[in-house]
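*Asks:* Need the 3D shape of this:
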Amino acid sequence: MKIVVIGTGYVGLVTGTCFAEVGIDVICVDIDEKKIDNLNKGIIPIFEPGLEALLIKNVAKGKLKFSTSLEESIPGTDVAFIAVGTPPGENGSADLKYVLTVAKQIGEYMNSYGVIVTKSTVPVGTAAKVHLAIQNELDNRNLDIQFDVASNPEFLKEGAAIDDFLKPDRIVVGVSSKKATEVIRKLYKPFLLNGHPIIFMDVPSAEMTKYAANSMLATKISFMNDIANLCEIMGADVNMVRKGIGSDARIGNKFIYPGIGYGGSCFPKDVKALIRTASENGYSMRILQAVEAVNEYQKTVLFNKLNNRFQGSLKGKTIAMWGLSFKPNTDDMREAPSLVLIDSILAAGGKVQAYDPVAMVEAKHIIGDEIVYCDNEYDALSNADALLIVTEWSDFRSPNFERINELLNFPIIFDGRNIYDQVEVNSYGIEYYGIGTN
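*Replies:* Purely as a prediction, here's the structure:
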């Protein structure tokens, strides 16, 4: 079986590499020549635990190849995955120009039956647009080639994407023909042998499933952050509340950890896109509008605590930040709360010294030289007036509190992820401010 994955971003690379890992011949295609050259050398453009080793292994075995040519790659393909970007437009809707450009090119080069699969996160109705774009090109070539368009949304967590793909909770596929169903079932057979469920449904339902899943998770996060803020006002401890409700099987204990807001490439974009889709169809997603508003506010909470502690005078103060990426085990800085924090501190006349285990290079691309980048977490504390915990990297979970006390001008920790115990921190003579606990 031959598959082509178009787009070598996060989703495309993980998809192509994991299919190659189970013995399928894969060609990953991208228009970025430098990126393809690097991938052929085993140099990957993202940080994802385990991905580099699998990629190098399967390139060496000849199961995984990289190309810049769709014209050479598409002919004879059984399944083509479209995994290009769908960035949010100015109005919040998903921009489909890259998806539809690829669909047009597939129509230009395909020469036999194949299943074209949208792997990118796309609004309901996109598969129909992809089908039309391909069919128009086949008509221009005066060819009567049968094909199907399917939807196979990804449910990958950054930092755990390899396991998520190889050991999926579920595989969701939207199809419109029995033939496409059998092709996709054959493709995913290596995963089904271990009992992982594949759920076939109509295409629009599959497209909606992706948005609904991410929006539900974003809702849980914003709900818990709202509860945390109320806990502070009422004198309750959100950590206790979280345990109390998380033990209820109907609620569960995942995605109910309070913090400083969600970020990344999925939740912000998908919530906005679903709100926009509803608006375009005459419906108001009132809960998701509130979810988005709460999240934007939550990104300001840690700065407000910091600013209040210093009586609104951060001018000349140096603030240490541990963590820059939007979550651990990734270098992704998209929509990261750290960016809002940094902007706020700098605008107030403060300075920032930061450390992140893997996101420093990406941060420099985005932030530039407006902050100081440190070699390790303790270097970031030198001559700093307070410490902000921004990303809950495991590196930060058991620090040397005595050293923190010695290095900080004012021994104060603002814990945006509630990874420390207040009583323990206080026992070292350090002031502690968490989320939903003070």
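*Asks:* going forward, measure contacts between C-alpha atoms and count neighbours the same way
*Replies:* OK.
*Asks:* in the stretch 101-250 of the chain, which spans are helices?
*Replies:* Counting by DSSP state H, counting those that start in this stretch, the stretch 101-250 of the chain forms helices over residues 126-140, 161-166, 178-187, 189-192, 203-234, 238-246, given from the N-terminal end onward.
*Asks:* mind putting these in TSV, mean pLDDT and mean neighbour count included?
*Replies:* Putting those into TSV (pLDDT from 0 to 100; neighbours: other Cα atoms under 10 Å) gives the following:
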stretch	mean pLDDT	mean neighbour count
helix 126-140	96	19
helix 161-166	93	19
helix 178-187	96	16
helix 189-192	89	17
helix 203-234	96	20
helix 238-246	96	16
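*Asks:* Is it possible to get TSV of the ones you listed that adds distance to Glu362?
*Replies:* Output for the helices of the stretch 101-250 of the chain, formatted as TSV (distance: least, Cα to Cα, whole Å):
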stretch	distance to Glu362
helix 126-140	31
helix 161-166	19
helix 178-187	35
helix 189-192	34
helix 203-234	24
helix 238-246	32
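*Asks:* and the chain, what are its domains?
*Replies:* Structurally, the chain divides into domains by automatic domain parsing as follows: 2-202, 299-433.
*Asks:* Could you tell me the end-to-end distance of the first one?
*Replies:* Yep, that's domain 2-202 we're talking about. Between the opening and closing residues of domain 2-202 lies a distance of 24 Å (Cα to Cα, to the nearest Å).
*Asks:* got the contact list for the lowest-mean-pLDDT helix or strand in the chain?
*Replies:* Across the helices and strands of the chain, mean pLDDT, DSSP states H and E gives its lowest value to helix 189-192, namely a mean of 89. Applying Cα atoms under 8 Å, 6 or more residues apart in numbering, the set of residues contacting helix 189-192 from outside is 22, 166-167, 198.
*Asks:* Return the distance of that helix from the chain's centre.
*Replies:* For helix 189-192, the separation from the chain centroid amounts to 25 Å (computed by Cα atoms, centre = their mean, to the nearest Å).
*Asks:* With stretch 47-57 instead?
*Replies:* The gap between where stretch 47-57 is centred and where its chain is centred comes out at 17 Å by Cα atoms, centre = their mean.
*Asks:* now stretch 172-180
*Replies:* On the basis of Cα atoms, centre = their mean, stretch 172-180 is displaced by 27 Å from the centre of the chain it belongs to.
*Asks:* Need the distance between the two termini of it.
*Replies:* Taking Cα to Cα, the span from the opening residue of stretch 172-180 to its closing residue is 14 Å.
*Asks:* Repeat that for stretch 393-404.
*Replies:* Using Cα to Cα, the end-to-end distance of stretch 393-404 comes out at 17 Å.
*Asks:* Buried residues, that stretch. List them.
*Replies:* The neighbour-count check on stretch 393-404 (16 or more other Cα atoms under 10 Å) flags 393, 396, 401, 404 as buried.
*Asks:* swap in stretch 261-280?
*Replies:* Within stretch 261-280, the residues that count as buried by 16+ other Cα under 10 Å are 261-277.
*Asks:* ok, now stretch 372-389?
*Replies:* Along stretch 372-389, these residues count as buried under the neighbour rule (16+ other Cα under 10 Å): 373-374, 377-389.
*Asks:* need the contact list for Pro88.
*Replies:* Going by Cα under 8 Å, 6+ apart, Pro88 touches 94-95, 269, 272-273.
*Asks:* how close does it get to Ala103?
*Replies:* Counting by Cα to Cα - Pro88 and Ala103 are separated by 19 Å.
*Asks:* Repeat that for Ala384.
*Replies:* Applying Cα to Cα, the value for Ala384 to Ala103 is 53 Å.
*Asks:* can you check Ile275 too?
*Replies:* Shown here: Ile275 relative to Ala103, a distance of 26 Å by Cα to Cα.
*Asks:* I'd like the list of the buried residues of stretch 261-280 that fall within helices, please.
*Replies:* Under the assignment DSSP state H, the buried residues of stretch 261-280 contribute 267-277 to helices.
*Asks:* Could you dump these into JSON lines with distance to Leu13 added?
*Replies:* Converted to JSON lines, those look like this (distance: Cα to Cα, whole Å):
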{"residue": "Phe267", "distance to Leu13": "20"}
{"residue": "Pro268", "distance to Leu13": "22"}
{"residue": "Lys269", "distance to Leu13": "20"}
{"residue": "Asp270", "distance to Leu13": "21"}
{"residue": "Val271", "distance to Leu13": "24"}
{"residue": "Lys272", "distance to Leu13": "25"}
{"residue": "Ala273", "distance to Leu13": "24"}
{"residue": "Leu274", "distance to Leu13": "26"}
{"residue": "Ile275", "distance to Leu13": "29"}
{"residue": "Arg276", "distance to Leu13": "29"}
{"residue": "Thr277", "distance to Leu13": "28"}
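*Asks:* If we only consider these, which is nearest to Ile245?
*Replies:* Using Cα to Cα, Phe267 is the member of these that lies nearest Ile245, at 23.2 Å.
*Asks:* Hmm, Ala218 and the closest one touching each other?
*Replies:* Yes: counting by Cα atoms under 8 Å, Ala218 is a contact partner of Phe267 at 6.2 Å.
*Asks:* Give me the pLDDT value at Glu158.
*Replies:* In the predicted model, Glu158 carries a pLDDT score of 88.
*Asks:* Give the phi and psi angles for the residue of the chain positioned farthest from its centre, as a check.
*Replies:* Relative to the mean C-alpha coordinate of the chain, counting by Cα atoms, centre = their mean, the farthest residue is Asn142 (41.4 Å). Main-chain dihedrals, Asn142, degrees, to the nearest 10: phi 60, psi 40.
*Asks:* and if you look at Asp248?
*Replies:* Phi and psi for Asp248, reported as degrees, to the nearest 10, are phi -80, psi 120.
*Asks:* now Gly16
*Replies:* Phi and psi for Gly16, reported as degrees, to the nearest 10, are phi -60, psi -40.
*Asks:* quick revisit: can you add distance to Arg242 and give the domains of the chain back as JSON lines?
*Replies:* Output for those, formatted as JSON lines (distance: least, Cα to Cα, whole Å):
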{"stretch": "domain 2-202", "distance to Arg242": "22"}
{"stretch": "domain 299-433", "distance to Arg242": "12"}
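*Asks:* looking at these, which is closest to Ser222?
*Replies:* Distances from Ser222 to each of the domains of the chain were compared by Cα to Cα, and the smallest falls on domain 299-433, at 11.0 Å.
*Asks:* Would you map the helices across the stretch 251-400 of the chain?
*Replies:* Counting by DSSP H, counting those that start in this stretch, the stretch 251-400 of the chain has these helices, from start to end: 267-280, 286-298, 301-309, 337-347, 360-367.
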